[in-house]
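Asks: the following block contains a protein sequence and its predicted model.
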Amino acid sequence: LQNLGDTHTRAGDAHAAALCYCAEYVLRPPDPAQRQVLGIAYSQLGRYEEAAQVYEAWLQDEPGHPIATHLLAASRGQGVVERASDAYLQAYFDGFADTFESKLLGSLGYQVPSALGDVMRDLGVPLRSLRVLDVGCGTGLCGAEVRPFARWLEGVDLSAKSLDKARGKAVYDTLHQAEIVEHLAGADAAAYDLVVAADTLIYFGGIERLVHGVRHVLAPGGWFIVSLEVLSADSPSPHAIQPSGRYSHRQDYVQQVLAAAGLVVRKTIALDLRHELGRPVPGALVVSRRPVDG
């Protein structure tokens, strides 16, 4: 399997190579303690019940572990919560903070920050003109893209280690460690001209409270730019958790929630968010605005 994966890599078939490497990994895991990696490998192979069994064994050893709990629900589609728990997000991103950017910008080909920068330029936003809030800012990848357009830039995230990385970039004027819906509810009304949510919806099922919070903090004429993993329009549900632990959303559902909050969709850009198993993950960047007189 290792040799076959290497052969596929040399032949330029990253997807086939990744499947071989996952199949090799589950045959003889090099470190049995790396249960998260083992469960993900099974999931990538479509062997979701075996992934669930890995997480169940993990929970027997560490009852209540937030990552095992979340991924078990994702693997079986049972006991799925409306959004990823604070404990899961903190544990997951604190654990990956040191390698997060290299994975997203390197092997995974993360496209959202550069696409966000392109949107800002296309909108013709004057430099250093906006009060900006980056919700779910993580290590600050998108902050660097919007900084040229911001006279004031804030970020909010649950992961302390990710915020430490963002702080080291000296991009943000201030950073907050908080759950973002609660942070939005407690913020001043009409305080920002732009709210950015990059790879944030993927940790929410229903997004109504989040979007209404954004509407609360947006000034008249303010922009909301959000990325999402696209769920098929044929799906009977407006959102669904994937075995990866991320949530995907139907585009019409996202547009309906934005409209219900009084935000007008100005543009939707189809976008491959990243690569997974050598294949693009389909997504979109949705640009909406609070009316000047609304």
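Replies: Structure received. Residues are numbered from 1 along each chain as shown.
Asks: and the spatially most central residue of the chain, how far from Ala190?
Replies: The chain has Asp199 as the residue nearest its centroid, 2.6 Å off, counting by C-alpha atoms, centre = their mean. Separation of Asp199 from Ala190 (C-beta to C-beta, to the nearest Å) stands at 26 Å. C-betas here are computed from N, CA, C, even on glycine.
Asks: picking up where we left off before, residues touching the residue nearest to the centre of the chain, list them.
Replies: In this structure, Asp199 makes contact with Val112, Gly136, Gly138, Ser227, Leu273, judged by C-beta atoms under 8 Å, 6 or more residues apart in numbering.
Asks: the strands in the stretch 51-200 of the chain, which residues?
Replies: Ranges of strands in the stretch 51-200 of the chain, per DSSP state E, counting those that start in this stretch, are 130-135, 150-157, 174-177, 192-197.
Asks: which other helices and strands contact the longest one?
Replies: Judged by 3 or more C-beta pairs under 8 Å, 6 or more residues apart in numbering; DSSP states H and E, the packing partners of strand 150-157 are strand 130-135, helix 141-146, helix 160-168, strand 174-177, helix 180-186.
Asks: quick one: mean pLDDT for it?
Replies: Averaging pLDDT along strand 150-157 yields 98.
Asks: do stretch 280-291 as well
Replies: Computed over stretch 280-291, the average pLDDT equals 95.
Asks: quick one: distance of it to the chain centre.
Replies: 13 Å (C-alpha atoms, centre = their mean, to the nearest Å).
Asks: before we move on, what about stretch 123-132?
Replies: Offset of stretch 123-132 from its chain centre (C-alpha atoms, centre = their mean): 24 Å.
Asks: the stretch 1-150 of the chain: helices as residue ranges?
Replies: Applying DSSP state H, counting those that start in this stretch to the stretch 1-150 of the chain gives helices spanning 2-11, 14-27, 35-44, 48-61, 66-76, 86-96, 100-102, 112-122, 141-146.
Asks: which one of those helices lies nearest to Arg250?
Replies: helix 66-76 (18.3 Å; C-beta to C-beta).
Asks: what mean pLDDT would you report for the closest one?
Replies: Average pLDDT, helix 66-76: 93.
Asks: and what of stretch 115-130?
Replies: 94.
Asks: again with stretch 35-49
Replies: Mean predicted lDDT for stretch 35-49 stands at 90.
Asks: and if you look at stretch 164-182?
Replies: Mean per-residue pLDDT for stretch 164-182: 95.
Asks: quick check: Thr268 vs Ile225, distance?
Replies: Distance from Thr268 to Ile225, by C-beta to C-beta: 11 Å.
Asks: ok, Tyr25 next?
Replies: The gap separating Tyr25 from Ile225 is 37 Å, by C-beta to C-beta.
Asks: that older thread, which among the strands of the stretch 51-200 of the chain is found nearest to Leu38?
Replies: Proximity of these to Leu38 was assessed by C-beta to C-beta; the nearest stretch is strand 150-157, lying at 27.6 Å.
Asks: just give the strands next to the closest one in its sheet, each with its orientation.
Replies: strand 130-135 (parallel), strand 174-177 (parallel) (DSSP bridges).
Asks: so how far is the longest one from its chain's centroid?
Replies: For strand 130-135, the separation from the chain centroid amounts to 17 Å (computed by C-alpha atoms, centre = their mean).
Asks: mind listing what's buried along it?
Replies: Buried residues in strand 130-135, counted by 16 or more other C-beta atoms under 10 Å: Leu130, Arg131, Val132, Leu133, Asp134, Val135.
Asks: need the residues you listed in JSON lines with distance to Leu285, can you?
Replies: Putting those into JSON lines (distance: C-beta to C-beta, whole Å) gives the following:
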{"residue": "Leu130", "distance to Leu285": "17"}
{"residue": "Arg131", "distance to Leu285": "21"}
{"residue": "Val132", "distance to Leu285": "16"}
{"residue": "Leu133", "distance to Leu285": "17"}
{"residue": "Asp134", "distance to Leu285": "15"}
{"residue": "Val135", "distance to Leu285": "15"}
